[in-house]
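*Asks:* Structure of the sequence below:
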Amino acid sequence: MTNMDKLYESVAANGPVCVGLDTEISYLPTTDTAKTAGENVVEFNRALIAATKGVAGCYKVQIAYYESLGMDGMRAYAETLKMARATGLPVIADIKRGDIAKTAEMYAKAHFTGDFEADIVTLAPYMGLDSISPYLPYCKDQGKGVFVLCRTSNPGAKDFEYQTLADGRHVYDLVGDSLTELGKEYMGEHGYSSIGLVIGGTHTEEATAIRAAYKNTFFLIPGYGAQGGKAADIAQYLSQGNGGVVNSSRGILLAYKKQPGVAFDEAAYNECVRMREDIQGECNKL
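*Replies:* Model (predicted):
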């Protein structure tokens, strides 16, 4: 069974909420001055994972938040990955690597084995398909997965991704089409490839066409909540409530600020449930 298969089953059981453990030290309601910043982050993440593991489809850990704390942060990153993977839920390392050749081979080894091992990683395809290929042996032999940037949720997506090609397609269409074709060699038992796409949930004009074009491709969907994506928009990128996970980081990590008197971990749980029900409600209308 591939990790995309596990992701499919996890979404079927728990819903499509991807809890983004993009934890900045300033997000913590309190800190222990006897501990390092990284140790405080780990304790916050530990409580948050324990509270949300029954209502999360997966976890995503954005490496930049940990890199910013130096070696202390990287120890926290490794420990956070370990804790999240111990739940049995799929864990995405949000590393957005995009290099080629031997460098990409080393990135693949670093994030699919050893201290920083994750189940799925995020990649950037700008340099071409040879920036993806070094990761594929891990998909074939170990069931690992990749989510490749395709049509993202940021305003700057218009700068390059929406440019029109000679054949009338957008650049993001070229990326999606190429990766979907490549992904046919890495299909799982639930009908989804180990090569997934990052499809932002903030530009919804093309939602129906994108979902129809990539029926066998799992989506990582950022943009819900803080970036303006609404559940009614997000639902269009899912397939009967599955086929994608919807990331929320600050909305969950900082949920306690909108729930006065509620502990941060309980508030995170409440927000996961609210988000899951919000999205499922819109999926039921389709």
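*Asks:* Spatially nearest residue to K184, not counting backbone neighbours?
*Replies:* S193 (6.9 Å; Cβ to Cβ, 6 or more residues apart in numbering). (C-beta placed from N, C-alpha, C; glycine too.)
*Asks:* Surely that neighbour and K215 touch.
*Replies:* No: the criterion here is Cβ atoms under 8 Å, and S193 misses it with K215 at 10.5 Å.
*Asks:* More neighbours: which of those two?
*Replies:* For S193 and K215, the more surrounded residue by other Cβ atoms under 10 Å is S193, and the numbers stand at 24 against 11.
*Asks:* What is the longest helix anywhere in the chain packed up against?
*Replies:* Looking across the chain with DSSP state H, the single longest helix is helix 264-285. For helix 264-285, the packing partners by 3 or more Cβ pairs under 8 Å, 6 or more residues apart in numbering; DSSP states H and E come out as strand 17-20, helix 37-52, helix 231-234, strand 244-248, helix 250-253.
*Asks:* what about the residue lying closest to G98 once chain neighbours are set aside, distance to F218?
*Replies:* Spatial nearest neighbour of G98, excluding adjacent residues (Cβ to Cβ, 6+ apart): A124 at 3.3 Å. Using Cβ to Cβ, to the nearest Å, one gets 18 Å for the distance from A124 to F218.
*Asks:* Which one of those two is surrounded by more residues?
*Replies:* F218 (31 against 16).
*Asks:* Neighbours of the residue lying closest to that one once chain neighbours are set aside, how many?
*Replies:* Closest residue to F218 apart from its sequence neighbours, by Cβ to Cβ, 6+ apart: G196 at 4.0 Å. Look at G196: counted by other Cβ under 10 Å, it has 28 neighbours.
*Asks:* In contact with G196, which residues?
*Replies:* Applying Cβ atoms under 8 Å, 6 or more residues apart in numbering to G196 gives the contacts M4, I120, G145, V146, F147, V148, T217, F218, F219, L220.
*Asks:* Spatially, what comes nearest to T208 if we skip its sequence neighbours?
*Replies:* According to Cβ to Cβ, 6+ apart, the nearest residue to T208 is Q236 (5.9 Å).
*Asks:* where along this structure do the strands fall?
*Replies:* 17-20, 58-62, 91-97, 120-123, 145-151, 195-199, 219-221, 244-248 (DSSP state E).
*Asks:* and the second one, which strands flank it?
*Replies:* In other words, strand 58-62. strand 17-20 (parallel), strand 91-97 (parallel) (DSSP bridges).
*Asks:* Any chance you could list what contacts it?
*Replies:* Under Cβ under 8 Å, 6+ apart, the answer for strand 58-62 is 7, 10-11, 18-22, 49, 77, 80-81, 84, 87, 89-94, 118, 220, 245, 247, 249.
*Asks:* Let's see the distance spanning stretch 213-229 from one end to the other.
*Replies:* This stretch, stretch 213-229, spans 21 Å end to end (Cα to Cα, to the nearest Å).
*Asks:* Which positions in that stretch come out as buried?
*Replies:* In terms of neighbour count (16 or more other Cβ atoms under 10 Å), stretch 213-229 has its buried residues at 214, 216-225, 227, 229.
*Asks:* What is the most widely separated pair among those?
*Replies:* N216 and G225 (27.7 Å; Cβ to Cβ).
*Asks:* that older thread, the helices and strands packed on helix 264-285: lowest mean pLDDT?
*Replies:* Here the lowest mean pLDDT among those goes to helix 231-234, at a mean of 91.
*Asks:* Which strands or helices does that one pack on?
*Replies:* Against helix 231-234 (3+ Cβ pairs under 8 Å, 6+ apart) you get helix 264-285.
*Asks:* C-alpha coordinates for the helix it packs on, PDB please?
*Replies:* Below are the C-alpha coordinates for helix 264-285, written out as PDB (Å, rounded to 0.1, in the frame of the first residue of the first chain):
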ATOM      1  CA  PHE A 264      -4.800  25.700  23.000                       C
ATOM      2  CA  ASP A 265      -5.000  22.000  22.300                       C
ATOM      3  CA  GLU A 266      -8.700  21.800  23.000                       C
ATOM      4  CA  ALA A 267      -9.200  24.800  20.800                       C
ATOM      5  CA  ALA A 268      -7.200  23.200  18.000                       C
ATOM      6  CA  TYR A 269      -9.400  20.100  18.200                       C
ATOM      7  CA  ASN A 270     -12.600  22.300  18.100                       C
ATOM      8  CA  GLU A 271     -11.300  24.100  15.000                       C
ATOM      9  CA  CYS A 272     -10.400  20.800  13.300                       C
ATOM     10  CA  VAL A 273     -14.000  19.500  13.900                       C
ATOM     11  CA  ARG A 274     -15.500  22.800  12.700                       C
ATOM     12  CA  MET A 275     -13.400  22.900   9.600                       C
ATOM     13  CA  ARG A 276     -14.100  19.200   8.800                       C
ATOM     14  CA  GLU A 277     -17.900  19.800   9.200                       C
ATOM     15  CA  ASP A 278     -17.700  23.000   7.200                       C
ATOM     16  CA  ILE A 279     -16.000  21.300   4.200                       C
ATOM     17  CA  GLN A 280     -18.200  18.100   4.500                       C
ATOM     18  CA  GLY A 281     -21.300  20.200   4.500                       C
ATOM     19  CA  GLU A 282     -20.400  21.800   1.200                       C
ATOM     20  CA  CYS A 283     -19.300  18.500  -0.300                       C
ATOM     21  CA  ASN A 284     -22.800  17.100   0.500                       C
ATOM     22  CA  LYS A 285     -24.300  19.900  -1.500                       C
END
